[in-house]
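Asker: Structure for the following, please:
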Amino acid sequence: MKIHTLDDLKKVGPSVALGVFKTFSFRTDLLKYMKEFRNRRSGDRETKSFPCGPCSGTGMMHEHPRSVDVLHPSSFGPYGCQQRLWFDLYGTVEEISIHDPELLLIFDVGHQLHDMLQTYAERMYGDKFEREVRAKDDEGLISGSADGRWTFPEMRVVMEIKSINRKGFEGLSKPKTEHMWQAMTYSYLLDIPFTLFVYICKDTSQIVEYHEPFNEEVWAEVTAFINSVLDCPDEEGPGAINAMGKVVNKFTCKGCGYSHGCKFSQFSPPRRRKTR
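Answerer: Got it, this is the predicted structure:
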């Protein structure tokens, strides 16, 4: 049985497809790999070399600017801001990051955990796994990168990695809704029927995974959110409202790189006290 596309998923039905999908577990394979290959022995004198994923063998890592004039799946979600998508698409305000250094360090830790798991996947699965898979729609309106893609004889799977703190990790029972929105976008654009969510706890390195077939209801919510931005008649944008029609809170605006030039922003920088 082969389930490589969304049409394949529909043909076999959800229960059969999910049964096939759950025969694959990245977590199980990773723990086996770590036990067999990551435990060093003093008597082992063999040097093992692996390609450097992030630097493509150049020895240098590069940061690329965020794409403009497109919608980013990472901004999708029921609590995402429509005005932010508007600025992403039309570029009427320059995006300027205003994150605190501590938060930037948290982001870097998350990026390193992503890279670590992607590197392990490359070593474990070889050419069956590909990291950072570019996903675009035909009109060029949506552009993003899935964390990874597995291609097995019996199925194709999108990998979505999320790093999370201990409190959030212990509260998980399924993928977060905003992560489902992002992942179903990749699943649709890449025509891949399955997504494996891999959550890793930044405090304990524990891993939990969730198997999710393509969810048409979630994708319908995503497209409705996108259309609400594209169909906005106001030349200044739809405003700082989310997919549920509610005004976003000031904390959402505080972390937005467009807040400095957004008239709808709910965040006001604290005033500096006068010093004598």
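Asker: Now do the helices in the stretch 151-276 of the chain.
Answerer: Using DSSP state H, counting those that start in this stretch, the helices of the stretch 151-276 of the chain run over 166-170, 177-190, 216-230, 250-254.
Asker: quick one: buried residues of the third one?
Answerer: For helix 216-230, the buried set under the neighbour-count rule, 16 or more other CB atoms under 10 Å, comprises 218-219, 221-222, 225-226, 229. C-betas here are computed from N, CA, C, even on glycine.
Asker: Can you lay out these as TSV showing distance to W86?
Answerer: Formatted as TSV, the buried residues of helix 216-230 follow (distance: CB to CB, whole Å):
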residue	distance to W86
V218	22
W219	21
E221	18
V222	16
F225	12
I226	11
V229	6
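Asker: Closest to T5 out of these?
Answerer: For these, the residue nearest T5 by CB to CB is W219; the value is 14.8 Å.
Asker: Identify the residues contacting the residue lying closest to the closest one once chain neighbours are set aside.
Answerer: Once flanking residues are discounted, W219 sits nearest to M184: 4.8 Å by CB to CB, 6 or more residues apart in numbering. Counting by CB atoms under 8 Å, 6 or more residues apart in numbering, M184 touches 195, 214-215, 218-219, 222.
Asker: Just the closest of these to F267, please.
Answerer: Closest to F267, out of all of the contacts of M184 and judged by CB to CB, is V222, at 25.9 Å.
Asker: Could you measure from that closest one over to W181?
Answerer: To W181, V222 is 5 Å away according to CB to CB, to the nearest Å.
Asker: So for the two, which residues contact both of them?
Answerer: F76.
Asker: Run through who's touching stretch 115-131.
Answerer: In contact with stretch 115-131 (CB under 8 Å, 6+ apart) are residues 26, 29-30, 33-34, 37, 50-51, 53-54, 132, 147-152, 159, 161, 198, 200.
Asker: Got a quick PyMOL command for the buried subset of the residues you listed?
Answerer: Command for PyMOL that selects the buried part of the contacts of stretch 115-131, burial taken from 16+ other CB under 10 Å:
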select buried, resi 26+30+33+53+54+147+148+149+150+159+161+198+200
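Asker: Just the C-alpha atoms of stretch 146-160, please, in CSV.
Answerer: Extracted in CSV, the C-alpha atoms of stretch 146-160 (Å, rounded to 0.1, in the frame of the first residue of the first chain):
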residue,chain,number,x,y,z
ALA,A,146,8.6,22.7,6.3
ASP,A,147,11.2,21.3,8.9
GLY,A,148,11.5,18.1,6.9
ARG,A,149,10.0,15.5,4.6
TRP,A,150,10.3,11.7,4.7
THR,A,151,9.7,9.7,1.6
PHE,A,152,9.2,6.0,2.3
PRO,A,153,8.0,3.3,-0.2
GLU,A,154,4.7,3.2,1.7
MET,A,155,4.1,6.8,2.7
ARG,A,156,5.3,10.4,2.6
VAL,A,157,5.4,12.5,5.8
VAL,A,158,6.0,16.2,6.7
MET,A,159,8.1,16.8,9.8
GLU,A,160,7.1,19.6,12.0
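Asker: and that stretch, how far from the chain's centre?
Answerer: 14 Å (CA atoms, centre = their mean, to the nearest Å).
Asker: Check stretch 185-194 too.
Answerer: Remark: stretch 185-194 is offset 13 Å from the chain centroid, using CA atoms, centre = their mean.
Asker: neighbouring contacts of it?
Answerer: With CB under 8 Å, 6+ apart as the criterion, stretch 185-194 contacts 3-6, 8-9, 17, 21, 73, 76, 133, 135-137, 142, 144, 146, 149, 155-158, 160, 195, 211-214, 219, 222.
Asker: quick one: terminal-to-terminal distance for it?
Answerer: 12 Å (CA to CA, to the nearest Å).
Asker: remind me which residues of the stretch 151-276 of the chain are low pLDDT?
Answerer: Where the stretch 151-276 of the chain drops to pLDDT under 70, the residues are 268-276.
Asker: What segments of the stretch 101-250 of the chain are strands?
Answerer: For the stretch 101-250 of the chain, strands defined by DSSP state E, counting those that start in this stretch occupy the ranges 129-136, 143-151, 156-164, 194-201, 207-213.
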